[in-house]
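Colleague: only geometry, no sequence info:
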């Protein structure tokens with residue numbers, strides 16, 4: 001793994017300028033002329049600035065923390081040493097209030113990644129991933145993945161949440177507003193396109209807890225990458241499902257002139273603001289929304305056609321069962337992996353070069369977007385569709401009452417965090433730290 005570092009000694013930096021600078025600070029975000037939220041943001045904008053890096057080319061990013069709490073930046077989806085990855089559980093140092101740190105690393109692999117806070121919120125839904133601390137991270141390859149005329153980066157996010165009880169007595173956040181790129185429907189500028197263009201959409205779900213579904217009326221998405229990794233079989237779909245922290249890259253052929261709504265498929269979420277206008281050149285009239293009749297998504301559509309098991313040599317199974325512990329009405333559930341909550345969780349030591357099969361067993365009523373730091377994994381068995389291969393991700397939604405299997409090669413030595421990317425689950429025990437032998 002390439003050398004990387006995080007440094008706090010400003011005198012040692014000398015006159016060498018950073019490639020990018022991020023400032024973490026309080027910010028009032030105007031969701032619409034009638035709605036605003038007080039939050040924390042990078043560089044006084046939500047999402048934070050697009051960081052466009054070149055694969056393998058060393059970059060230095062300077063981060064100043066002007067918030068009231070210690071912070072850290074996680075470079076989600078990159079193959080980085082633990083000291084730089086951006087999780088205190090792995091050993092990345094926190095940035096104290098008022099301090100400045102410099103992250104230096106070689107960004108790999110190429111693709112659509114993102115950066116975000118990796119702190120704990122607990123019962124405070126104004127902290128951690130509930131805030132505006134998220135931004136786009138694009139690692140450009142040496143060659144472009146496909147021809148396109150325009151590209152747009154979109155992040156869907158939920159705001160102003162309150163903990164609410166469900167029928168089974170558990171507590172989960174409910175939100176007042178949902179935005180795309182920090183703006184509610186009607187408050188942001190439209191995405192302006194021309195007939196005949198191929199437009200590349202990079203879509204991110206930066207929500208702390210919610211799964212989202214997106215559709216563009218009058219058009220289809222040709223999915224070319226999941227979590228920044230090219231899929232074996234690009235396929236056209238009518239809608240995109242994004243679990244928290246998932247990304248989808250898709251080409252849209254602009255062949256249906258007019259004004260169209262790109263928005264959340266579920267009516268009540270779209271009504272909370274989750275939509276925007278895609279406007280063709282010289283289009284007039286009102287934007288049109290065409291309501292899909294059902295929610296449709298299947299990872300296996302993008303898998304390699306051959307379903308025969310690939311030859312990988314020995315594979316070691318690691319079963320991981322997700323369960324919760326009800327601790328009382330009005331209190332968040334405590335989450336466990338194999339019967340233990342972090343930091344008491346345990347896992348077998350990883351050996352460099354060995355392939356491992358993670359068997360996710362989810363008997364709970366909740367879906368879980370689980371994330372493995374510093375590695376990518378291959379989807380190998382999916383509920384309802386069975387064996388699959390070729391799809392590489394770093395987050396996958398493990399559905400309620402199901403079993404799902406992924407495989408990865410332990411090729412990046414160092415402490416490696418695995419967790420549910422739903423903030424309230426992570427905060428209350430749904431984490432595990434893999435150690436390398």
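Modeller: Okay, I see it. Just so you know, these numbers come straight off a predicted model, no measurement behind them.
Colleague: hang on, residue 75 packs against residue 116?
Modeller: No - using Cβ atoms under 8 Å, residue 75 is not in contact with residue 116, being 9.1 Å away. Any C-beta I mention is one placed from the backbone N, CA and C, and that applies to glycine too.
Colleague: Pull the contacting residues for residue 228.
Modeller: Residue 228 makes contact with 77, 109-113, 139, 247, 249 under the criterion Cβ atoms under 8 Å, 6 or more residues apart in numbering.
Colleague: nearest to residue 286, of those residues?
Modeller: Checking the contacts of residue 228 against residue 286 with Cβ to Cβ, the nearest one is residue 249 at 29.3 Å.
Colleague: was I right about that closest one contacting residue 199?
Modeller: No - Residue 249 lies out of contact with residue 199 (Cβ under 8 Å); the separation is 11.4 Å.
Colleague: Looking at these two, which one has more neighbours?
Modeller: Under the criterion of other Cβ atoms under 10 Å, the comparison of residue 249 against residue 199 puts residue 249 first, with 26 against 20.
Colleague: For the one helix or strand residue 22 maps to, which residues meet the burial criterion?
Modeller: Take DSSP states H and E as the rule and residue 22 turns out to sit in strand 20-32. Across strand 20-32, burial judged by 16 or more other Cβ atoms under 10 Å covers 20-24, 27, 29, 31.
Colleague: what's the answer for stretch 345-362, then?
Modeller: For stretch 345-362, the neighbour count (16+ other Cβ under 10 Å) marks 345, 347, 350, 354, 356-362 as buried.
Colleague: ok, now stretch 84-94?
Modeller: 84-87, 89-90, 92.
Colleague: one step back: which helices and strands does the helix or strand following the strand holding residue 22 pack with?
Modeller: Once strand 20-32 ends, the next helix or strand along the chain (criterion: DSSP H and E) is strand 35-42. In this structure, strand 35-42 packs against strand 20-32, strand 48-54, strand 150-165, with contacts taken as 3 or more Cβ pairs under 8 Å, 6 or more residues apart in numbering; DSSP states H and E.
Colleague: wait, which of the buried residues of stretch 345-362 is closest to residue 292?
Modeller: Among the buried residues of stretch 345-362, residue 362 lies closest to residue 292 (Cβ to Cβ), at 26.4 Å.
Colleague: May I have the beta-bridge partners of that closest one?
Modeller: Counting by DSSP bridges, residue 362 forms beta bridges with residue 402.
Colleague: list the contacts for it?
Modeller: Neighbour list for residue 362: 321-322, 368, 398-404 [criterion: Cβ under 8 Å, 6+ apart].
Colleague: domain parsing for this structure?
Modeller: Domain assignment for the chain by automatic domain parsing gives 5-140, 150-297, 315-434.
Colleague: Using JSON lines, please lay out those together with distance to residue 304.
Modeller: JSON lines is the format used below for the domains of the chain (distance: least, Cβ to Cβ, whole Å):
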{"stretch": "domain 5-140", "distance to residue 304": "18"}
{"stretch": "domain 150-297", "distance to residue 304": "4"}
{"stretch": "domain 315-434", "distance to residue 304": "3"}
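Colleague: I'd like those domains as JSON lines, with distance to residue 303 and mean pLDDT appended.
Modeller: As requested, the domains of the chain are arranged in JSON lines below (distance: least, Cβ to Cβ, whole Å; pLDDT from 0 to 100):
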{"stretch": "domain 5-140", "distance to residue 303": "18", "mean pLDDT": "95"}
{"stretch": "domain 150-297", "distance to residue 303": "6", "mean pLDDT": "94"}
{"stretch": "domain 315-434", "distance to residue 303": "4", "mean pLDDT": "94"}
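Colleague: nearest to residue 305, of the ones you listed?
Modeller: Closest to residue 305 of these is domain 150-297 (Cβ to Cβ; 6.8 Å).
Colleague: Please state the backbone phi and psi of residue 135?
Modeller: Here is the backbone geometry of residue 135 (degrees, to the nearest 10): phi -160, psi 170.
Colleague: Likewise for residue 269?
Modeller: When quoted as degrees, to the nearest 10, the phi and psi of residue 269 stand at phi -80, psi -40.
Colleague: Hmm, it is touching residue 214, no?
Modeller: No - shown here, residue 269 and residue 214 do not form a contact pair, counting by Cβ under 8 Å, at 10.2 Å.
Colleague: More neighbours: these two, which one.
Modeller: Just comparing residue 269 and residue 214: by other Cβ under 10 Å the higher neighbour count belongs to residue 214, 24 against 19.
Colleague: Apart from its chain neighbours, what residue comes closest to the more buried one?
Modeller: Excluding its sequence neighbours, the residue lying closest to residue 214 (Cβ to Cβ, 6 or more residues apart in numbering) is residue 240, at 4.7 Å.
Colleague: same check, this time on residue 237
Modeller: Nearest residue to residue 237 in three dimensions, chain neighbours excluded: residue 221, at 5.5 Å (Cβ to Cβ, 6+ apart).
Colleague: What is the burial count for that neighbour?
Modeller: 23.
Colleague: what sits against it?
Modeller: When contacts are counted by Cβ under 8 Å, 6+ apart, residue 221 touches 201, 236-240, 248, 250-252.
Colleague: Please report phi then psi for it.
Modeller: Backbone torsions of residue 221, given as degrees, to the nearest 10, read phi -100, psi 130.
Colleague: one step back: okay if I get the contacts of residue 221 as JSON lines plus distance to residue 40?
Modeller: Converted to JSON lines, these look like this (distance: Cβ to Cβ, whole Å):
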{"residue": "201", "distance to residue 40": "27"}
{"residue": "236", "distance to residue 40": "38"}
{"residue": "237", "distance to residue 40": "34"}
{"residue": "238", "distance to residue 40": "36"}
{"residue": "239", "distance to residue 40": "31"}
{"residue": "240", "distance to residue 40": "28"}
{"residue": "248", "distance to residue 40": "26"}
{"residue": "250", "distance to residue 40": "30"}
{"residue": "251", "distance to residue 40": "34"}
{"residue": "252", "distance to residue 40": "33"}
